[in-house]
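Chemist: Got a predicted structure plus its sequence, pasted below:
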Amino acid sequence: MPQTVTQEEVFEALKTVYDPEIPVNVVDLGLIYDVQVNDDNNVYVQLTLTFPGCGMGPHIAQQAEWAIQDVEGVEDVEIELVFDPPWSPDLISEEARSQLGI
């Protein structure tokens, strides 16, 4: 029986993905709005960007997809870029805030 992929594993994988313009991972930046793993180990992630016109959006989404695909047991990955609600610096984790000096 295949191993069940957990949300925690997906979040850990996403912590290896960075916004190229900010030295903080996408989880601590608050860019991940939703992570779902279904019974078939298909992963769905809602990802936002620091601003809608961010030219790095496709790059970040691709890096996130690759990181999740590296999790053992993952069958398929769908990354959806969303802009509602808009990202805000309030979503940055405490750890990342101290890293950035905020």
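Modeler: Here it is on my side, so go on. Numbering: from 1, shown residues only.
Chemist: Can you tell me what sits against the longest helix along the chain?
Modeler: When the chain is parsed with DSSP state H, its longest helix is helix 57-69. The contact list for helix 57-69 (CB atoms under 8 Å, 6 or more residues apart in numbering) reads 10, 13-14, 16-20, 26, 31, 43, 45, 47, 49, 54, 74, 77, 79, 81. C-beta coordinates here come from the backbone N, C-alpha and C atoms, glycine included.
Chemist: which of the residues you listed are buried?
Modeler: Buried members of the contacts of helix 57-69, scored by 16 or more other CB atoms under 10 Å, are 10, 13-14, 17-19, 26, 31, 43, 45, 47, 49, 54, 74, 77, 79, 81.
Chemist: Point out the ones among the contacts of helix 57-69 that are inside helices.
Modeler: Those of those mapping onto helices are 10, 13-14, per DSSP H.
Chemist: Which of these sits closest to residue 36?
Modeler: Residue 36 lies nearest to residue 10 out of the ones in helices among the contacts of helix 57-69, by CB to CB, at 9.0 Å.
Chemist: got the contact list for the closest one?
Modeler: Applying CB under 8 Å, 6+ apart, we find residue 10 in contact with 35, 37, 43, 45, 68, 71.
Chemist: So what's the residue count around residue 82?
Modeler: 15 (other CB atoms under 10 Å).
Chemist: now do residue 72
Modeler: The tally of other residues near residue 72 (other CB under 10 Å) stands at 9.
Chemist: that older thread, present the contacts of residue 10 as TSV; the columns should include pLDDT.
Modeler: Listed next are those as TSV, based on pLDDT from 0 to 100:
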residue	pLDDT
35	98
37	97
43	98
45	98
68	98
71	97
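Chemist: Turn those into CSV, including distance to residue 60.
Modeler: Listed next are these as CSV, based on distance: CB to CB, whole Å:
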residue, distance to residue 60
35, 15
37, 20
43, 16
45, 11
68, 13
71, 18
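Chemist: Select from the residues you listed every entry located in strands.
Modeler: Under the assignment DSSP state E, these contribute 35, 37, 43, 45 to strands.
Chemist: out of those residues, who's nearest residue 87?
Modeler: Checking these against residue 87 with CB to CB, the nearest one is residue 45 at 14.7 Å.
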